[in-house]
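Q: Please work out how this folds:
(one chain, ligands or ions: 1)
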Amino acid sequence: MAHAYNIEVELTKNSNLEKVDFNNLKFGQILSDHMLVADYDDGEWKSVKIVPYTNLSLSPATSALHYGQAIFEGIKAYKFADGRVSIFRPDKNFERFNKSAVRLEMPELPEEIFMGGLKKLIATDSAFVPPVDGASLYIRPFMFGTEPALGVHPSKSYKFIIITGPVGAYYNKPLRVKVETFYTRAAAGGVGFSKNAGNYALSLYPTRLAQDEGFDQLIWTDAKEHRYIEEAGTANLVFMLGDTLVTPGSETVLQGVTRHSIMDIAKSWGIKTETRDVSVQELLEGIEQGNVTEAFAAGTAATLTPISEIGYAGKLYKLPAPETREFSNKVLDYLNELRYGRIEDPFGWNFIVT
Ligand SMILES: *Cc1c(COP(=O)(O)O)cnc(C)c1O
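A: Next up, the predicted model:
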């Protein structure tokens, strides 16, 4: 049954806007004035509201805190020179959010609430979208089980919330990464493809061990043999192998919007692209033979971050200097031009809000 959701807006009386220094943004430190909150109960989405950003009040028995029904998305909005605000491909995040929901036995979001709510929230807080090159508004939709009862079963009630905040760069230098060959992020049949909170909790300890060895991040490998490259902690991996742009094809990898966009741009430029298994051996031999000319992490938070060094079994494999990488630099420039509305949008990826 179609249901019309009237999204009411209650504006804040204490704006934080004046405290924001758009020229000195870090990642995830500042939050915008408003948030969207939708409540699910008795089999349907009930209230959907935009309200001043505030704390939640929850029962200690809140099911997500015990059994982990919690999923999220990461999206960015950009300000054009003419003042318009555009969200980059939010329809892809909407699709992925509902896939995550299904896998974790949570209710799907109607388009009207996810996309309609997103548009209205960003319009409400459009003053928080940085008018600065390189900066953007980070958007975090999330949902979790709220039933105040113990016992393992799907929560009967949920909250869907969107919060946002202006951000600068996530990584500001090329990454040194370590190929992980003991710990596992995701196995076939598991939840690796979903953006669920548990995937990040399990990554923190192995990542810290790698950081203790002087690396920035891990490269996860397949759960069965640790022979194939999967992805980095919060970003997909893309390599230029010979004349072909390659990204790992495993089902357990999160299907990122950023890498998909980069592969599509490459294709439109006539570059050969492949989504397929990449073994650790193929990658490292390729680096030694000078056949791997580029390697980078791709994700909404990190955009495109070059990988400078890969550690494996006590040995370091060095990649060509980031400034010499023709494709990475060109595609990052192109993506930026497109997302800030400075060039045509031939793919129709900009979702204009205001
Ligand atoms: C979010 C995320 C990515 C990147 O996805 P985008 O849609 O490009 O932001 C890649 N890997 C993991 C594990 C992620 O959580």
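Q: Mind jotting down where the strands sit in the stretch 201-350 of the chain?
A: 217-221, 229-232, 236-241, 244-247, 272-275, 292-299, 303-312, 315-318, 350-352 (DSSP state E, counting those that start in this stretch).
Q: Distance to residue 27 and mean pLDDT added to those strands, as TSV?
A: C-betas here are computed from N, CA, C, even on glycine. Putting the strands of the stretch 201-350 of the chain into TSV (distance: least, C-beta to C-beta, whole Å; pLDDT from 0 to 100) gives the following:
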stretch	distance to residue 27	mean pLDDT
strand 217-221	15	97
strand 229-232	16	97
strand 236-241	18	98
strand 244-247	24	98
strand 272-275	28	98
strand 292-299	12	97
strand 303-312	12	96
strand 315-318	27	98
strand 350-352	22	98
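Q: Can you list the residue ranges for helices in the stretch 151-300 of the chain?
A: 198-212, 257-268, 280-288 (DSSP state H, counting those that start in this stretch).
Q: mind exporting the first one as PDB, just the C-alpha atoms?
A: Below are the C-alpha coordinates for helix 198-212, written out as PDB (Å, rounded to 0.1, in the frame of the first residue of the first chain):
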ATOM      1  CA  GLY A 198      29.900  -5.300  12.800                       C
ATOM      2  CA  ASN A 199      32.200  -5.200   9.700                       C
ATOM      3  CA  TYR A 200      34.000  -2.200  11.100                       C
ATOM      4  CA  ALA A 201      34.200  -3.500  14.700                       C
ATOM      5  CA  LEU A 202      36.000  -6.600  13.600                       C
ATOM      6  CA  SER A 203      38.500  -4.600  11.500                       C
ATOM      7  CA  LEU A 204      39.800  -2.400  14.300                       C
ATOM      8  CA  TYR A 205      42.100  -4.900  16.100                       C
ATOM      9  CA  PRO A 206      43.900  -6.200  13.000                       C
ATOM     10  CA  THR A 207      44.200  -2.700  11.700                       C
ATOM     11  CA  ARG A 208      45.800  -1.400  14.900                       C
ATOM     12  CA  LEU A 209      48.300  -4.300  14.800                       C
ATOM     13  CA  ALA A 210      49.200  -3.200  11.200                       C
ATOM     14  CA  GLN A 211      49.500   0.400  12.400                       C
ATOM     15  CA  ASP A 212      51.900  -0.700  15.200                       C
END
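Q: related to what we said a few turns ago, and of the strands of the stretch 201-350 of the chain, who's closest to residue 192?
A: strand 229-232 (7.8 Å; C-beta to C-beta).
Q: and the closest one, is it in reach of the ligand?
A: Yes. Counting by C-beta under 6 Å from any ligand atom, the ligand has neighbours in strand 229-232: residue 231.
Q: What strands line up against that strand, and which way round?
A: Within its sheet, and counting by DSSP bridges, strand 229-232 is paired with strand 217-221 (antiparallel).
Q: and the stretch 51-200 of the chain, which residues reach the ligand?
A: Residues of the stretch 51-200 of the chain lying near the ligand (C-beta under 6 Å from any ligand atom): 74, 195.
Q: sorry, back to before: need the strands of the stretch 201-350 of the chain in TSV (columns: mean neighbour count).
A: Listed next are those as TSV, based on neighbours: other C-beta atoms under 10 Å:
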stretch	mean neighbour count
strand 217-221	25
strand 229-232	26
strand 236-241	24
strand 244-247	21
strand 272-275	15
strand 292-299	25
strand 303-312	21
strand 315-318	12
strand 350-352	17
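Q: Turn these into JSON lines, including distance to residue 105.
A: Converted to JSON lines, those look like this (distance: least, C-beta to C-beta, whole Å):
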{"stretch": "strand 217-221", "distance to residue 105": "25"}
{"stretch": "strand 229-232", "distance to residue 105": "24"}
{"stretch": "strand 236-241", "distance to residue 105": "26"}
{"stretch": "strand 244-247", "distance to residue 105": "29"}
{"stretch": "strand 272-275", "distance to residue 105": "29"}
{"stretch": "strand 292-299", "distance to residue 105": "26"}
{"stretch": "strand 303-312", "distance to residue 105": "33"}
{"stretch": "strand 315-318", "distance to residue 105": "42"}
{"stretch": "strand 350-352", "distance to residue 105": "29"}
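Q: List phi and psi for the residue of the chain positioned farthest from its centre.
A: Relative to the centre of the chain, the most outlying C-alpha is that of residue 289, 32.8 Å out, by C-alpha atoms, centre = their mean. With angles defined as degrees, to the nearest 10, residue 289 sits at phi -90, psi 0.
Q: per-residue confidence at it?
A: pLDDT, residue 289: 98.
Q: Also residue 164?
A: 98.
Q: Pick the most buried one from the helices of the stretch 151-300 of the chain.
A: helix 257-268 (a mean of 19; mean count of other C-beta atoms under 10 Å).
Q: now could you export just the CA positions of it as PDB?
A: What follows is helix 257-268 as a C-alpha-only set of coordinates in PDB (Å, rounded to 0.1, in the frame of the first residue of the first chain):
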ATOM      1  CA  VAL A 257      29.900   3.600  -5.600                       C
ATOM      2  CA  THR A 258      33.300   5.400  -6.000                       C
ATOM      3  CA  ARG A 259      35.100   2.500  -7.700                       C
ATOM      4  CA  HIS A 260      32.100   1.800  -9.900                       C
ATOM      5  CA  SER A 261      32.100   5.400 -11.000                       C
ATOM      6  CA  ILE A 262      35.800   5.400 -11.700                       C
ATOM      7  CA  MET A 263      35.600   2.100 -13.700                       C
ATOM      8  CA  ASP A 264      32.700   3.700 -15.700                       C
ATOM      9  CA  ILE A 265      34.700   6.900 -16.400                       C
ATOM     10  CA  ALA A 266      37.700   4.700 -17.500                       C
ATOM     11  CA  LYS A 267      35.500   2.700 -19.900                       C
ATOM     12  CA  SER A 268      34.100   5.900 -21.400                       C
END
